[in-house]
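Student: Below are the sequence and a predicted model; questions follow.
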Amino acid sequence: MYYMKTITTPIIPEKQTFFKVNAPHELDLKAICVFAAIGFFLDEDTYYHDTKVLRPGTKYTLDENDKVVNSNTYFNWYYEPRNISFEQALDEFSTLFEAIIQEQTAGKKVILPLSGGLDSRTQAVALKKMGAQVFSYSYEFENGYPETKIAEKIAKSCGFEFQKYKIKKGYLWEVIDDLVEINGCYSDFTSPRQMAIRNEFAKMGAVFSLGHWGDVLFDAMNLPELSHEHQVDVLMSKLLKRGGLEFAESLWQVWELEGHFKDYLRNRVTDLLNTIDIDDTNARLRAFKSKYWAPRWTSVNLAVFNNQKPMSLPYYDNRICEFICTVPESYLKDRQLQIEYMKRSAPELAKIEWQVHRPFNLYNYHLNKPPYNLPYRMVNKLKREIKALLGNPYVQRNWELQFLGKDNAFFLKQYILESGLDTWISKTFLNAQLSAFLKGDALKYAHTINMLLTLSLFNKKQRHA
């Protein structure tokens, strides 16, 4: 008797689930080129032709060899806005969001990562209202913006325990082998900066409450109505990382693949966008990102949290996704529901500055434009320039801490040039890319180096499997 198992994937899966297909166990070089260009794999793709990933919102039956016997899609993203007032939408969001938070965390000490943005702040309000026991924390880059100051104010306003951490230069090389096992090389290694404090997680509490994807679901891209082709143009510009197109095109040529990479990627994006039957441009592009971006990019490094503690993701909940499909786009635009929820439920917390609009808060962020924001911007720029003159350049991105400098260069060369990656990417090419980063435009080539490092660790992992 054959063994069968049924797997129902959520609308936004928290993890990748792999299955097998009848194909050669060979590297899928076209898929890897896409990965190199955008930082994640599209749709079902993986490193190999014979291994795929289950799609979101689908019920599968798999056999004992992890091959799909049957599949049925139970959810397709849609846009059917109801004729409701903003106040009604706000009431519904408040009730639903608080119910989900309650279900996911009731009776447990909650670990809440706080940022200077809105998603975790919205969670903080709900947790405060339900009287949850919360350990909150935040981190900032060494020589970077002091993000923990805003987070600490939020925690204090809510009465939460709080701890701040600093992301140190070069921590990556101490944890990179563990990260390979955790994310399987399906993401670069500098994006999950939470790896820097992973050893702290054990003492924090019982369950993470994570705010991932709230900023996509509860906002709009503020685009006019666009044709299908122009929507593809927008997605291409959003997907491609700085230098990613050039890097992928170079790999395409090195591997002598047919056609042109840009045409291949555009055709893939076009086909995937065609699976979403929504007329409204903003709702359709949100659905694309939620269907293809969140599961294969955002979800990959959730494993860093889940490797230590159980996690809850209120914005990933199926009910939130279904709710979003019925809310008029004009109510989602500019984070209105989250902002009004906080102003209604925790007005003092809403007065704390919003990082992206600093020094303004949820009541006056519309003043973040000249001439109102000029004094802050001038002072902030002067501070950064003084830091740079003193030999402490302002750090905005994790790769700047992990890749720049003599010590980091040593490890980059070791991993990229001495890992055996040159068995499928020529050493001449690797040397050229590394040299362009170390001696030229670091910002332009940072993504390329990030992906070469990822591919080098993937190659090492496969050789030792």
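Tutor: Nice, thanks for sending it over.

Student: Secondary structure class of R286, three-state.
Tutor: Here R286 is recorded as helix under DSSP: H, G, I helix; E, B strand; the rest coil.

Student: right, and it touches F218 too?
Tutor: No: with contact defined as Cβ atoms under 8 Å, R286 does not reach F218; the gap is 9.8 Å. Bear in mind the C-beta positions are built from the backbone N, C-alpha and C, glycine included.

Student: Report the set of residues contacting both of those two.
Tutor: Residues touching both R286 and F218 (Cβ atoms under 8 Å, 6 or more residues apart in numbering): I324.

Student: Surely T281 is in contact with L223?
Tutor: Yes: judged on Cβ under 8 Å, T281 makes contact with L223 at a distance of 5.2 Å.

Student: Compare those two and say which one has the larger neighbour count.
Tutor: Each of T281 and L223 has its neighbours counted (other Cβ atoms under 10 Å); T281 has more, 20 against 14.

Student: Distance-wise, check that one relative to K289.
Tutor: 13 Å (Cβ to Cβ, to the nearest Å).

Student: buried sites along stretch 249-259?
Tutor: Using 16 or more other Cβ atoms under 10 Å as the test for burial, stretch 249-259 gives 249-252.

Student: Revised request: answer the last question for stretch 219-230.
Tutor: Neighbour-count burial for stretch 219-230 [16+ other Cβ under 10 Å]: 219-220.

Student: May I have it as CSV, with CA atoms only?
Tutor: Written as CSV, here are the backbone C-alpha positions of stretch 219-230 (Å, rounded to 0.1, in the frame of the first residue of the first chain):
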residue,chain,number,x,y,z
ASP,A,219,-0.3,50.2,1.6
ALA,A,220,-0.5,50.9,-2.1
MET,A,221,2.2,51.6,-4.7
ASN,A,222,0.2,54.8,-5.5
LEU,A,223,0.3,54.0,-9.2
PRO,A,224,-2.2,55.1,-11.9
GLU,A,225,-4.1,52.5,-13.8
LEU,A,226,-1.5,50.9,-16.1
SER,A,227,-1.5,48.5,-19.0
HIS,A,228,-0.3,45.0,-18.5
GLU,A,229,3.0,45.8,-20.2
HIS,A,230,3.6,48.8,-18.0
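
Student: Check what contacts the strand or helix carrying K128 and list those residues.
Tutor: Assigned by DSSP states H and E, K128 belongs to helix 119-129. Under the contact criterion Cβ under 8 Å, 6+ apart, helix 119-129 has outside partners 97-98, 101, 105, 110, 112-115, 134, 136, 154-155, 158-160, 209, 211-212, 214-215, 314-315, 338, 341-342, 345-346, 349, 352.

Student: Those in helices, which ones?
Tutor: 97-98, 101, 105, 154-155, 158, 214-215, 338, 341-342, 345, 349 (DSSP state H).

Student: where do the helices sit along the stretch 301-450 of the chain?
Tutor: Remark: helices assigned in the stretch 301-450 of the chain by DSSP state H, counting those that start in this stretch are 302-306, 318-324, 329-332, 336-345, 347-350, 374-389, 398-403, 406-417, 427-439, 442-463.

Student: Put the alpha carbons of stretch 318-331 into PDB.
Tutor: C-alpha atoms of stretch 318-331 as PDB (Å, rounded to 0.1, in the frame of the first residue of the first chain):
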ATOM      1  CA  ASN A 318      -5.100  33.800   5.800                       C
ATOM      2  CA  ARG A 319      -7.900  36.000   7.200                       C
ATOM      3  CA  ILE A 320      -5.800  39.100   6.800                       C
ATOM      4  CA  CYS A 321      -5.100  38.200   3.200                       C
ATOM      5  CA  GLU A 322      -8.800  37.600   2.500                       C
ATOM      6  CA  PHE A 323      -9.700  40.900   4.300                       C
ATOM      7  CA  ILE A 324      -7.300  42.900   2.100                       C
ATOM      8  CA  CYS A 325      -9.000  41.600  -1.000                       C
ATOM      9  CA  THR A 326     -12.300  43.200   0.000                       C
ATOM     10  CA  VAL A 327     -11.100  46.600   1.300                       C
ATOM     11  CA  PRO A 328     -11.300  49.600  -1.100                       C
ATOM     12  CA  GLU A 329      -7.800  50.500  -2.400                       C
ATOM     13  CA  SER A 330      -8.200  54.100  -1.300                       C
ATOM     14  CA  TYR A 331      -8.400  52.900   2.400                       C
END
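
Student: Need the contact partners of it.
Tutor: Contacts with stretch 318-331, where a contact means Cβ under 8 Å, 6+ apart, come from 10-12, 75, 77-82, 84, 86, 89, 92-93, 96-97, 100, 217-218, 220, 280, 282-283, 286, 290, 314, 332, 337.

Student: and the residues you listed, which are buried?
Tutor: 10-12, 75, 77, 79, 81, 89, 92-93, 96-97, 100, 217-218, 220, 280, 282-283, 286, 290, 314, 332, 337.

Student: out of those, which are inside helices?
Tutor: 89, 92-93, 96-97, 100, 217, 282-283, 286, 332, 337.

Student: So the residue nearest the centre of the chain versus D271, what's the distance?
Tutor: Nearest to the geometric centre of the chain sits T298, at 3.4 Å (Cα atoms, centre = their mean). Distance from T298 to D271, counting by Cβ to Cβ: 22 Å.

Student: likewise K109?
Tutor: 46 Å.

Student: Neighbour count: these two, which is higher?
Tutor: K109 (14 against 11).

Student: helix, strand or coil for the spatially closest residue to the more buried one that is not a sequence neighbour?
Tutor: Excluding its sequence neighbours, the residue lying closest to K109 (Cβ to Cβ, 6 or more residues apart in numbering) is G205, at 3.7 Å. Secondary structure, three-state DSSP: G205 is coil.

Student: now V69
Tutor: strand.

Student: Can you give me the distance of it to G440?
Tutor: 52 Å.

Student: Check S312 too.
Tutor: For S312, the distance to G440 (Cβ to Cβ) stands at 44 Å.

Student: E26 touches T51, doesn't it?
Tutor: No: contact criterion Cβ under 8 Å: E26 and T51 do not qualify, at 10.6 Å.

Student: quick one: which of the two has more around it?
Tutor: Between E26 and T51, T51 has the larger neighbour count (other Cβ under 10 Å), namely 17 against 10.

Student: Leaving out chain neighbours, which residue sits closest to the more buried one?
Tutor: F18 is the one closest to T51 (Cβ to Cβ, 6+ apart), at 5.6 Å.

Student: ok, what's across the strand from the one you found?
Tutor: As for beta bridges, F18 partners with V53 under DSSP bridges.

Student: so it sits right up against E44, yeah?
Tutor: No: using Cβ under 8 Å, F18 and E44 do not qualify as a contacting pair, with a distance of 9.7 Å.

Student: between these two, what contacts are shared?
Tutor: 52-54.

Student: that older thread, so, if you compare the ones in helices among the contacts of helix 119-129, which one comes nearest to L434?
Tutor: D215 (33.8 Å; Cβ to Cβ).

Student: Can you report how many residues neighbour the closest one?
Tutor: Neighbour number of D215 under other Cβ under 10 Å is 15.
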